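Student: let's see this in three dimensions:
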Amino acid sequence: MASFFTEIAANRLKSVAMLAIFFAFFMGIAYLFSYVFGLGIFGLGIGAAIIAVYAIFSYSAGDKLVLKLSHAIPAERSEYRTYYAAAEGMSAAMQVPMPKLYVIDDPNPNAFATGRNKKHASIAATTGLLKMMDRRELEGVISHEMSHIANNDILFMLIAVVFAGAIGILAAFIRSIFFFGPIGDRGRNNGGFLVLIALAISLLAPMFAILLRLAISRRREYMADANGARITRDPASLASALKKISTYSSAPSAKPVKHANDLTASLYFSNPFSKNSISNLFSTHPPINERINRLEHMF
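Tutor: A predicted model of the protein is given here:
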């Protein structure tokens, strides 16, 4: 059996290592293409500019965009007293500012946390989740989402999304140069060998970046489960909430979260596209049965 602290430490180390790989991968691509196409420091400057612009936009407007895309509206305290009580309790327990609470009109039971930092964070829950969960189960789900805020996961995943997006933009830019623009002297002097390598990487890099981002997302989900269970000292309630969601998702009549998309999917408590998952490799979340198993064996 794993302790809360062992599970949290292991997943934190793995996710930080993956983010370091992300950074090294991006710098490697920027350097390779600068070398092959003779762009020199200009090529690295383009990469830095893409990262900066992407990061500024995501940091300043990302949470508002996510809430708008999700059709989330502010939750009224008079209507959602249990929701507020759970959030206020977890906020006090984790010593983080009370986030803004939102509701999404959707029968699919799910929730997510978003925001720039601990002081500017929000939690959105679907009406399906708020109706389906009892008090302890709702506290378990909120503890998971509050853990994302307390662990700075909302910023951590923002960095991962920025790197993945920048790699995709840089790869597209390089492919355009390859097909429509001039190739630098170094590319010609190497007989086109490095150019072919650069082209191959530009085609594969976006896919690798997506896989790495999804892997980081899965690590942070495990960590939020463990930390949420540590705070509530009730891993069974969080496991029970996941079981209810799993039962709902496996029903023939179940539908994905209405307004979830590729941009917001990794934020949700459970995979909003569970029926459409091709494999665990391409999933935004760990297998729900594995999450339940880990929670049931925690102490």
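Student: C-alpha from now on. contacts and neighbour counts both.
Tutor: OK.
Student: low-confidence ranges in the stretch 101-250 of the chain?
Tutor: 174-199, 201-202 (pLDDT under 70).
Student: where do the strands of it begin and end?
Tutor: Counting by DSSP state E, counting those that start in this stretch, the stretch 101-250 of the chain has strands at residues 111-117, 120-126.
Student: residues contacting the first one, please?
Tutor: It refers to strand 111-117. Strand 111-117 is contacted from outside by 59-60, 62-63, 66, 121-126, 129, 141, 145-146, 148-149, 152, 154-155, 267-270, using C-alpha atoms under 8 Å, 6 or more residues apart in numbering.
Student: how about the secondary structure of Gly62?
Tutor: Here Gly62 is recorded as helix under DSSP: H, G, I helix; E, B strand; the rest coil.
Student: that one: what's it in contact with?
Tutor: Contact analysis of Gly62 by C-alpha under 8 Å, 6+ apart lists 115-116.
Student: I'd like the strands of the stretch 101-250 of the chain laid out as a markdown table, including distance to Ala226 and mean neighbour count.
Tutor: Output for the strands of the stretch 101-250 of the chain, formatted as a markdown table (distance: least, C-alpha to C-alpha, whole Å; neighbours: other C-alpha atoms under 10 Å):
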| stretch | distance to Ala226 | mean neighbour count |
| --- | --- | --- |
| strand 111-117 | 16 | 24 |
| strand 120-126 | 19 | 22 |
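Student: can you say which of the ones you listed is nearest to Ile288?
Tutor: strand 111-117 (14.9 Å; C-alpha to C-alpha).
Student: chain center to the closest one, what's the gap?
Tutor: The chain centre lies 10 Å from the centre of strand 111-117; the measure is C-alpha atoms, centre = their mean, to the nearest Å.
Student: just the buried residues of the contacts of strand 111-117.
Tutor: Applying 16 or more other C-alpha atoms under 10 Å to the contacts of strand 111-117, the neighbour count classes 59, 62-63, 66, 121-126, 129, 141, 145-146, 148-149, 152, 154-155, 267-270 as buried.
Student: hmm, Ala55 is touching Val161, no?
Tutor: No: Ala55 lies out of contact with Val161 (C-alpha atoms under 8 Å); the separation is 9.0 Å.
Student: now stretch 66-75: buried residues?
Tutor: By neighbour count on 16+ other C-alpha under 10 Å, the buried set for stretch 66-75 is 66-67, 70-72, 75.
Student: and the contacts of that stretch?
Tutor: By C-alpha under 8 Å, 6+ apart, the list of residues contacting stretch 66-75 from outside reads 100-105, 114, 124, 259-260, 263-264.
Student: now those in a markdown table, with distance to Glu137?
Tutor: As requested, these are exported to a markdown table (distance: C-alpha to C-alpha, whole Å):
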| residue | distance to Glu137 |
| --- | --- |
| Lys100 | 20 |
| Leu101 | 17 |
| Tyr102 | 18 |
| Val103 | 17 |
| Ile104 | 18 |
| Asp105 | 20 |
| Thr114 | 21 |
| Ala124 | 16 |
| His259 | 24 |
| Ala260 | 23 |
| Leu263 | 27 |
| Thr264 | 23 |
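Student: in ChimeraX, how would I select the buried members of these?
Tutor: The ChimeraX selection below is limited to those of the contacts of stretch 66-75 classed as buried (16+ other C-alpha under 10 Å):
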select :100,101,102,103,104,105,114,124,259,260,264
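Student: Ser217: which of the contacts of stretch 66-75 is nearest?
Tutor: Nearest to Ser217 among those: Thr264, at 11.7 Å, using C-alpha to C-alpha.
Student: now the closest one. Nearest residue, chain neighbours left out?
Tutor: Nearest in space to Thr264, with sequence neighbours left out and distances taken as C-alpha to C-alpha, 6 or more residues apart in numbering, is Val66 at 6.5 Å.
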